[in-house]
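Participant: Coordinates only, no sequence provided:
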């Protein structure tokens, strides 16, 4: 049987997998970053045990990734950072996804 902390960490992993694989490839431009951030946050916050999600899509990274005249690019982990707070029973875990050594690394930041 998993401990409450282990279950909270598992829940965080489920949310990251859902967020990343649901939204990777979504067309994004500097004009649409705020609305996409909100959509991602609200979608993941619907899931059980998710207390909060903060998605930051960097306008400058999006602009730099646009390589054609259509004015958009596809969302990838390199264009955003994500923080989540998962609550399972009395346990709270904080997680983060950010670029590390050229890779969008998802990791456990703390257990409360």
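Facilitator: The structure has been received and is ready for your questions. Predicted, not measured: the structure shown is a model, and the values here were computed from it.
Participant: can you give me the helices in this protein?
Facilitator: Listed in chain order, the helices of the chain (DSSP state H) span 4-23, 33-45, 59-65.
Participant: Format these as JSON lines; extra columns: mean pLDDT, distance to residue 96 and mean neighbour count.
Facilitator: C-beta here means a position set from N, CA and C on the backbone, and glycine is covered the same way. Shown next, in JSON lines, are the helices of the chain (pLDDT from 0 to 100; distance: least, CB to CB, whole Å; neighbours: other CB atoms under 10 Å):
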{"stretch": "helix 4-23", "mean pLDDT": "95", "distance to residue 96": "10", "mean neighbour count": "17"}
{"stretch": "helix 33-45", "mean pLDDT": "97", "distance to residue 96": "14", "mean neighbour count": "16"}
{"stretch": "helix 59-65", "mean pLDDT": "96", "distance to residue 96": "17", "mean neighbour count": "15"}
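Participant: Let's have those helices in TSV, adding distance to residue 81.
Facilitator: Output for the helices of the chain, formatted as TSV (distance: least, CB to CB, whole Å):
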stretch	distance to residue 81
helix 4-23	12
helix 33-45	10
helix 59-65	10
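Participant: Looking at these, which is nearest to residue 72?
Facilitator: If you check each of those against residue 72 by CB to CB, helix 59-65 wins as the nearest, at 8.3 Å.
Participant: list the helices and strands that closest one packs on?
Facilitator: Packed against helix 59-65 by the contact rule (3 or more CB pairs under 8 Å, 6 or more residues apart in numbering; DSSP states H and E) you find no helix or strand.
Participant: residues in contact with it?
Facilitator: Counting by CB atoms under 8 Å, 6 or more residues apart in numbering, the neighbours of helix 59-65 from elsewhere in the structure are 28, 29, 30, 33, 73, 76, 78, 79.
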